[in-house]
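Q: Below is the sequence, then the predicted model.
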Amino acid sequence: MKLIVLLYLEDDETCVNDLLGRHDVAVYSRTSVEGIGPGAPGWYGSAAPYRSRMVIALVEPDLAGEILEAVESGTGLQDSRHPIHALQLDVERQAVCGGGAGQADES
C-alpha cells in the first residue's frame, strides 16, 4: 500500500475532489491545516494567510502513481501560483486495534 498526501488551498477543493473522483478514490480523510513556521518556496507556513487543506488516502501502488501523474499535469487551479502538492509514502506495516496483526507491504 501507499499513503498519498495532497496539500492544497481551500479554494481548490473542487479541483481535488474531481481528481479523486476521476481516479475512483472513494475513501480518504480531509482536514484543515494550519501552517507553522516562516514557510519556504511553495510552502507558506504561517507567513501567509491562506486556508489550506490536506487529504490522506491509502491506495494501491499503481493508483498512487496515477494520482501523482495527475497532480503533475493538473489544471483548473484557482491560482496557478499555489499548486497542489502531492506526496507518496510507502506503508511498511498496518495494524488494527482489537487483534488485527500488521503485515509488511510487499510492493
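A: Looks like it arrived, so ask away.

Q: Strands of this structure, start to end?
A: Applying DSSP state E to the chain gives strands spanning 2-9, 29-33, 52-59, 85-90.

Q: Just the mean pLDDT for the longest helix belonging to the chain, thanks.
A: Ranked by residue count and defined by DSSP state H, the top helix of the chain is helix 61-72. What helix 61-72 shows for mean pLDDT is 94.

Q: Also stretch 4-13?
A: 92.

Q: Can you get me the start-to-end distance on it?
A: The stretch stretch 4-13 measures 16 Å between its terminal residues, going by CA to CA, to the nearest Å.

Q: what's in contact with it?
A: In this structure, residues lying in contact with stretch 4-13 by CB atoms under 8 Å, 6 or more residues apart in numbering are 15-16, 32-33, 50-59, 64, 67-68, 71, 77-79, 82-89. Using the backbone N, CA and C atoms, a C-beta is placed for each residue, glycine as well.

Q: How far away from the center of its chain is it?
A: With CA atoms, centre = their mean, to the nearest Å as the basis, stretch 4-13 stands 7 Å off its chain's centre.
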